[in-house]
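1. Predicted model and sequence below, questions to follow.
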Amino acid sequence: MSKPVVEVQVRSVAAVSGGCAVFLGNEDKVFVMFVDQSVGAAITMFMQGTQKERPLTHDLLANVLRALGAKIDRVVVKTEQSDEEEES
């Protein structure tokens, strides 16, 4: 059974113990993904339009894809896991 694809945007990034919480959602629903501090910082810098001294790894990959004429239309999260599932 295929679930419908739901478009979401990054709503916010917040520092938490051991990393960052990235809040993704739309008008109907918001969910959180936990990432390490460097990923949270990179997302925040992108959202704020902050210039970097040098490109980060994901910037280089994006530049290569653009140079090849590639375009990412969407990213699909197929599995979600709660903290309780991770600990077992």
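-> Received it, and whenever you're ready, just let me know what you need. Residues are numbered from 1 along each chain as shown.

2. now the helices for this protein?
-> 37-48, 57-67, 83-87 (DSSP state H).

3. Comparing the ones you listed, which yields the minimum mean pLDDT?
-> Ranked by mean pLDDT, the helices of the chain bottom out at helix 83-87, with a mean of 58.

4. Who are the contact partners of Arg38?
-> Not quite, residue 38 is Ser, not Arg. By Cβ atoms under 8 Å, 6 or more residues apart in numbering, the contact list for Ser38 is empty. Bear in mind the C-beta positions are built from the backbone N, C-alpha and C, glycine included.

5. Could you measure from it over to Arg11?
-> 20 Å (Cβ to Cβ, to the nearest Å).

6. Also Val22?
-> On the measure of Cβ to Cβ, Val22 and Arg11 end up 9 Å apart.

7. Neighbour count: the two, which is higher?
-> Using other Cβ atoms under 10 Å as the criterion, Val22 and Arg11 rank with Val22 on top: 19 against 14.

8. And for the residue nearest to that one when sequence neighbours are not counted, the neighbour number?
-> Among residues not flanking Val22 along the chain, Met33 sits closest, at 4.8 Å (Cβ to Cβ, 6 or more residues apart in numbering). Using other Cβ under 10 Å, Met33 is surrounded by 14 other residues.
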